[in-house]
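>>> For reference, the sequence and a predicted model appear below.
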Amino acid sequence: MLADHAELTREHLSELENGHKEIGVRTLERIAQAFDLTLREFFEGLELRRK
């Protein structure tokens, strides 16, 4: 399970997924690492939209 691999609680991950909490850089790093990716690889090819 992603939460376990990223060392996050299921509740915290759910709040992030549902937009109830903003994600921090360290949490992003943990999620990327759960997929064996660096942050650079995690965001590679992603087109960011500006508000």
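Cool, got the structure.
>>> All the strands of the chain, in order from the start?
Read by DSSP state E, the chain holds no strands at all.
>>> In it, where's the longest helix?
helix 25-34 (DSSP state H).
>>> For that one, which helices and strands make contact with it?
Counting contacts by 3 or more CB pairs under 8 Å, 6 or more residues apart in numbering; DSSP states H and E, helix 25-34 is packed against helix 2-5, helix 39-43. (Glycine included, C-beta is placed from N, CA and C.)
>>> And the average pLDDT for that helix is what?
The pLDDT scores in helix 25-34 average 96.
>>> what's the weakest-modelled helix or strand in this structure?
In the chain, no helix or strand scores lower on mean pLDDT, DSSP states H and E than helix 39-43, which sits at a mean of 91.
>>> now for that one, which elements pack on it?
Checking 3+ CB pairs under 8 Å, 6+ apart, helix 39-43 ends up next to helix 25-34.
>>> hmm, who's touching stretch 42-49?
28, 31-32, 35 (CB atoms under 8 Å, 6 or more residues apart in numbering).
>>> what do you get for stretch 24-40?
Contacts for stretch 24-40 (CB under 8 Å, 6+ apart): 2, 5-8, 16, 41-42.
>>> related to what we said a few turns ago, so which of the contacts of stretch 42-49 wins on neighbours?
residue 31 (21 neighbours; other CB atoms under 10 Å).
>>> got the buried residues for stretch 18-34?
27, 30-32, 34 (16 or more other CB atoms under 10 Å).
>>> Straight-line length of that stretch, end to end?
Terminal residues of stretch 18-34 are spaced 20 Å apart (CA to CA, to the nearest Å).
>>> How far away from the center of its chain is it?
From the chain centre to the centre of stretch 18-34 is a distance of 3 Å (CA atoms, centre = their mean, to the nearest Å).
>>> Give me the nearest residue to residue 13, chain neighbours excluded.
In this structure, residue 13 finds its nearest non-sequential neighbour in residue 3, 4.5 Å apart by CB to CB, 6 or more residues apart in numbering.
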